[in-house]
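Enquirer: Sequence and computational prediction follow.
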Amino acid sequence: MDFETVLSRVALALGIGLLIGLERGWRSRDATAGSRAAGIRTFAISGFLGGVVGILADRLGGAESPGGGIAFGISFAAYAIAITVFSRDANRFEKSASATTAIAGMLTFALGAYAVLGDMRIAAGAGVATAGLLAIRQELHGWVAKITWTELRSGLVLLAMTFIALPVLPDDPIGPFGGVNPREVWLIAIVLACVSFAGYVAVKVLGSDHGVLLAAAAGGLVSSTAVTVTNAQRARAGESAPRLLAAGVAVATAVSFLRVLVIVGTLKGSLLPFLAPALIAAAAVATGFGLISVYSNKSRKRDGAEAKVRNPFSFWSVISFAAILSAVMLLARAMSEMFGSTGAIISSAVVGLADVDAATIAVARLVPGSLTELVAATAILLAVASNTVSKIAIGATTGGGSFAVGIALMSGLCFAAAGLALGATFAFTKM
């Protein structure tokens, strides 16, 4: 390295030490002189020392060479022993048992060395992240104190589903009639769990009214069926007012209608004149139903119970939903092969029971080769209609009571609005 490069890297090492030391020094600013194990000067020198050791290791052949590795190892070990001893003495004086200062000091030293030997951007980012973590100590402790064991366990299960199970699942179809892709199905299961977890957090933070609607709108961007399943389970468990949960499904349904239009517009914009009037009308009705259900005074007086959230999501409910979805997708492919071209419409209606996006994408890709625009639009509308019917079935079988009534009423109004808009489209447009 030339002189300018070495100078800039050592300056970064010193800057990292100053940044971390600023946080440490501010936190212990009221302590008397000599009672602190490490403050702003100590951390600044630690970062600078790490940079100097990095230069030494570089001159001896780099960190990967025997000489450079030994020099860095001995220097780091000596520093670690020194900072640990002084931190122990400070803990005895303060009658505490914190290892933060010692660990932060070792990390500052290591980042100072890495600023010289490695990527400066990574070193700088790690230094800022370290100072940030140290600065939000009270907030972190407050969050940990508020987390329940059920929440922690659910979060760990969700992380395991995403980062342990998902990578090892095969990405090729399994089974007859083209099979089912296990990874795709598991992704949908993860989406269901995320929607449920997001709804739990939203309701807990924002309250039952705003939380249910916000979580449902976010969930509708991914899967309104997942939102329906989650809200139906919570309605049965009494975790919130059924009308509020039904309103959440209505908002998610409206978002799903608009999502279909976005997908169609991206893949095959020529289908929009056939679909836009009906889906926009249905989305407007669903949104109005949800807002009226939540914010009308009559509804708030009758269903104004606070949400009693207990569990972010049920693992076995997620697995059951994924299994059912796999069966539906397999049945759709079988019907498509058995009925030929007509199967495109039949299968889209069947697939729509669980996943409107899959049916929409599949049909849009068949235009203008295998399907005319009118037939494709009909298939997509049937998929949307069957998905709406599936919400009614989920509400009746899983949610029950006033939740099921609300879902049925909302769906009926959407069908009526879409039918009127579709009729007007055919009446005033030459198709």
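Expert: Sure thing, it's come through. Numbers count the residues shown, from 1 in each chain.
Enquirer: hey, let's count contacts and neighbours off CA atoms from now on
Expert: Will do.
Enquirer: tally of neighbours for Ala165?
Expert: 12 (other Cα atoms under 10 Å).
Enquirer: contacting residues for it?
Expert: Contact partners of Ala165, counting by Cα atoms under 8 Å, 6 or more residues apart in numbering, are absent.
Enquirer: just Ala417 next, same as before
Expert: With Cα under 8 Å, 6+ apart, Ala417 has these contacts: Ala278, Ala281, Ala282, Val285.
Enquirer: Equivalent analysis for Gly15, please.
Expert: Gly15 makes contact with Ala44, Gly47, according to Cα under 8 Å, 6+ apart.
Enquirer: and it, what helix or strand is that in?
Expert: Here Gly15, judged by DSSP states H and E, is contained in helix 3-27.
Enquirer: List the buried residues of that helix.
Expert: 6, 9-25 (16 or more other Cα atoms under 10 Å).
Enquirer: quick one, helices of the stretch 151-300 of the chain?
Expert: 166-168, 182-206, 208-220, 224-237, 242-267, 272-295, 297-302 (DSSP state H, counting those that start in this stretch).
Enquirer: And the residue nearest the centre of the chain, what's its pLDDT?
Expert: Computing the C-alpha centroid of the chain and ranking residues by Cα atoms, centre = their mean puts Cys194 first, at 5.9 Å. For Cys194, the pLDDT comes out at 76.
Enquirer: And it, how far from Leu214?
Expert: In this view, Cys194 and Leu214 are 14 Å apart by Cα to Cα, to the nearest Å.
Enquirer: same thing with Ser46?
Expert: 47 Å.
Enquirer: Same drill for the two, tell me which one is more crowded.
Expert: Shown here are Ser46 and Leu214; by other Cα under 10 Å, Ser46 has more neighbours (30 against 19).
Enquirer: In this structure that one contacts Leu107, no?
Expert: No: in this structure, Ser46 is not within contact of Leu107 by Cα atoms under 8 Å, at 9.3 Å.
Enquirer: Give me the neighbour count for Ala408.
Expert: Residue neighbour count, defined by other Cα under 10 Å, stands at 20 for Ala408.
Enquirer: Can I get the helices of the stretch 151-300 of the chain in a markdown table including distance to Arg59?
Expert: Output for the helices of the stretch 151-300 of the chain, formatted as a markdown table (distance: least, Cα to Cα, whole Å):
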| stretch | distance to Arg59 |
| --- | --- |
| helix 166-168 | 42 |
| helix 182-206 | 49 |
| helix 208-220 | 55 |
| helix 224-237 | 59 |
| helix 242-267 | 57 |
| helix 272-295 | 67 |
| helix 297-302 | 73 |
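Enquirer: how about those helices, which one is nearest Ala135?
Expert: Set against Ala135 and scored by Cα to Cα, the helices of the stretch 151-300 of the chain come closest in helix 182-206, at 23.3 Å.
Enquirer: Does Ser240 touch Ala232 like I think?
Expert: No: in this structure, Ser240 is not within contact of Ala232 by Cα under 8 Å, at 10.3 Å.
Enquirer: quick one, which of those two is more surrounded?
Expert: Ala232 (27 against 23).
Enquirer: give me every residue that touches that one.
Expert: Contacts of Ala232 (Cα under 8 Å, 6+ apart): Leu245, Ile394, Gly395, Thr398, Gly399, Gly400, Phe403.
Enquirer: How much space separates the residue nearest to the centre of the chain from Thr388?
Expert: Applying Cα to Cα to Cys194 and Thr388 gives a distance of 22 Å.
Enquirer: ok, now Val205?
Expert: For Val205 relative to Thr388 (Cα to Cα), the value is 30 Å.
Enquirer: and those two? which has more neighbours close in?
Expert: Between Val205 and Thr388, Thr388 has the larger neighbour count (other Cα under 10 Å), namely 26 against 11.
Enquirer: my read: the more buried one touches Gly412, true?
Expert: No: using Cα under 8 Å, Thr388 makes no contact with Gly412, being 9.3 Å away.
Enquirer: returning to what we had before: what is the subsequent helix or strand relative to the helix holding Gly15?
Expert: Criterion used, DSSP H and E; the element after helix 3-27 is helix 40-59.
Enquirer: helices or strands next to that following helix in the packing?
Expert: helix 3-27, helix 66-94, helix 100-117 (3 or more Cα pairs under 8 Å, 6 or more residues apart in numbering; DSSP states H and E).
Enquirer: Now do it and helix 66-94, the angle between them.
Expert: On the basis of axes from the mean of the first three to the mean of the last three Cα atoms, to 10 degrees, helix 40-59 is oriented at 170 degrees to helix 66-94.
Enquirer: What lies in contact with helix 40-59?
Expert: With Cα under 8 Å, 6+ apart, helix 40-59 has contacts from 6, 9-11, 13-25, 63, 67-69, 71-72, 75, 105, 108-117.
Enquirer: give the contact list for Ala418.
Expert: So, once contact is read as Cα under 8 Å, 6+ apart, Ala418 ends up touching Pro277, Ala278, Leu279, Ala281, Ala282.
Enquirer: Which among the helices of the stretch 151-300 of the chain is found nearest to Asp355?
Expert: helix 224-237 (7.6 Å).
Enquirer: Buried ones in that closest one, by neighbour count?
Expert: Buried residues in helix 224-237 (16+ other Cα under 10 Å): 224-236.
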